[in-house]
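Novice: Build me a model:
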Amino acid sequence: MVRLRTARLTARARLTLLQTALVLAAGAALTGLTYLLMRRNTFFTRLDRSGTGPSGTPPPMPTAVDLQGFADRVQTATLSALLPQAVLALIVVTALAAVLGWLVAGRVLRPIRVISSTARRLSAENLTERVPVTAPADELSALAGTVNGMLDRIQRGVFERDRILDSQRLFTANAAHELRTPLTTARTAIDVTLDGNPSRAELLAMAGDVRGAVEHMQRVLDGLLLLARSQAGLTARETVDLAAVADAALNAAGTRAAAAGVAVRRELRPAPVTGEPVLLERMIGNLVDNAVRYNRAGGHLVVDTGTAGGRAVLRISNTGRQIPPDEAKTLLEPFVHGEGTRVRTDGLGLGLSIVRAVTLAHRGRIAVAARTGGGLDITVDFPQNPVTKDARSQDHRFASGNSPSVK
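Specialist: Predicted coordinates:
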């Protein structure tokens, strides 16, 4: 069955027709009412008796019949002249109303055309345009604000989708890269050992190699899972004091630091944030672990916490090998240990990647800078928890009195 598509008038045309019809109806009603009222009214005409009759006598007084006939003729002539003039005036007013209605409708609908034009220009790659919201605050400006709010939510959703997809691609690529070596090691150990008649000692050695490779793969997978979890966002929000978490991490690393000959100094002041405790503990634990692992004998590790500029700040400074300033930022990439390359050390190279992911998940900022004498200065800051008036008056600053430089 074929349906005939009828052409629909535009909103501007419909508004114009509606306004014109209203003016026409009102004008017709006014003209008709005026006509009826004039038919019902009594017409008064002053008769002049001046002058004389044919014989010099005054003219005779008109009779009632003469007066009524005269009044009827005057009324008929008046109504006959009124009706066409009123109709002509109604036609002119209706035409003017149509023109003005068309212009006014275009003016009223202009914001809707702007919204439609903006929506047509938007795409998945361009979600930055917004509908201009102008005064006065009326229904159309409210509509523009609603559309802009919807576009903001769509843009955030697209950004979140892209971030999750990038996280998944990064997870897959890093897992494939890091798991290839231990798998190759295990396979080589098995092939070499089983080539011939292996002794018990050779079998035990092979088992040790395979177990070491499996343990390495397990650590890699655990690190990648934590990295992916951090990049996926927060699942819990609690008030956490960075000072308490840093103190616990330093206590846990105290034995290793002493064995490595690293002196630890802590300057911990309250630094409350809202976040996921498990991720924040892992983040600070990774920072402390890296500062001890890549330090040198006789070196030092300094951990500061406090607040500055309305943000909770954690700063870790440690000695170590000399790192070129341009290569310091590459340490935030997965599986990078230094010098911009993926090298094999006793670590996995995921520590600072997890730190960055946790920081971004908590809407924080991280800055990594190479120290002049070797080692790193790492500063992480987060939006601070709302505090009471008493707590706000006691701004916990760093011992130096200056806020750290964060980026």
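Novice: what's near enough to touch S199?
Specialist: S199 is in contact with no residue at all, counting by CB atoms under 8 Å, 6 or more residues apart in numbering. Every residue, glycine included, has its C-beta placed from N, CA and C.
Novice: how much space between it and A213?
Specialist: In this structure, S199 and A213 are separated by 21 Å, where distance is defined by CB to CB, to the nearest Å.
Novice: now swap in R12 and tell me
Specialist: Using CB to CB, one gets 74 Å for the distance from R12 to A213.
Novice: next one: A249
Specialist: If you measure A249 against A213 using CB to CB, the figure is 29 Å.
Novice: cool, L127 as well?
Specialist: Summarising the geometry, the distance separating L127 from A213, computed by CB to CB, is 46 Å.
Novice: neighbour-wise, which of these two wins?
Specialist: The neighbour count for L127 versus A213, taken as other CB atoms under 10 Å, is higher for A213 (20 against 16).
Novice: Could you name the helices and strands sitting against the helix or strand where that one lies?
Specialist: Secondary structure assignment for A213, by DSSP states H and E: helix 200-232. Counting contacts by 3 or more CB pairs under 8 Å, 6 or more residues apart in numbering; DSSP states H and E, helix 200-232 is packed against helix 139-194, helix 277-293, helix 351-361.
Novice: Could you export those as a markdown table, including distance to A263?
Specialist: Compiled in a markdown table, the helices and strands packed on helix 200-232 are given as follows (distance: least, CB to CB, whole Å):
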| stretch | distance to A263 |
| --- | --- |
| helix 139-194 | 33 |
| helix 277-293 | 11 |
| helix 351-361 | 21 |
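Novice: I'd like those helices laid out as a markdown table, including mean pLDDT and distance to V313.
Specialist: Compiled in a markdown table, the helices and strands packed on helix 200-232 are given as follows (pLDDT from 0 to 100; distance: least, CB to CB, whole Å):
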| stretch | mean pLDDT | distance to V313 |
| --- | --- | --- |
| helix 139-194 | 81 | 25 |
| helix 277-293 | 90 | 13 |
| helix 351-361 | 83 | 12 |
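Novice: for these, which one sits closest to L203?
Specialist: Distances from L203 to each of the helices and strands packed on helix 200-232 were compared using CB to CB; the minimum, 6.4 Å, belongs to helix 139-194.
Novice: can you give me the angle that closest one makes with helix 200-232?
Specialist: For helix 139-194 and helix 200-232, the angle between their directions (axes from the mean of the first three to the mean of the last three CA atoms, to 10 degrees) works out to 180 degrees.
Novice: Please name every helix or strand in contact with helix 139-194.
Specialist: For helix 139-194, the packing partners by 3+ CB pairs under 8 Å, 6+ apart are helix 64-121, helix 200-232.
Novice: Comparing those, which stretch has the densest surroundings?
Specialist: Burial among those, expressed as mean neighbours by mean count of other CB atoms under 10 Å, is greatest for helix 200-232, which shows a mean of 16.
Novice: next helix or strand past that helix?
Specialist: Using DSSP H and E, the helix or strand that follows helix 200-232 in sequence is strand 238-241.
Novice: Now tell me what touches that following strand from outside.
Specialist: Residues outside strand 238-241 that contact it (CB under 8 Å, 6+ apart): 270-277, 280, 385.
Novice: In ChimeraX, select just the buried ones from these.
Specialist: Of the contacts of strand 238-241, the buried ones can be selected in ChimeraX as follows, counting by 16 or more other CB atoms under 10 Å:
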select :270,271,272,273,274,275,276,280,385
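Novice: What about the contacts of strand 238-241, which are in helices?
Specialist: With helices identified by DSSP state H, the entries of these that belong to them are 277, 280.
Novice: Show me which pair in the contacts of strand 238-241 is furthest apart.
Specialist: Of all pairs drawn from those, the one with the longest distance (CB to CB) is P270 and E276, at 19.2 Å.
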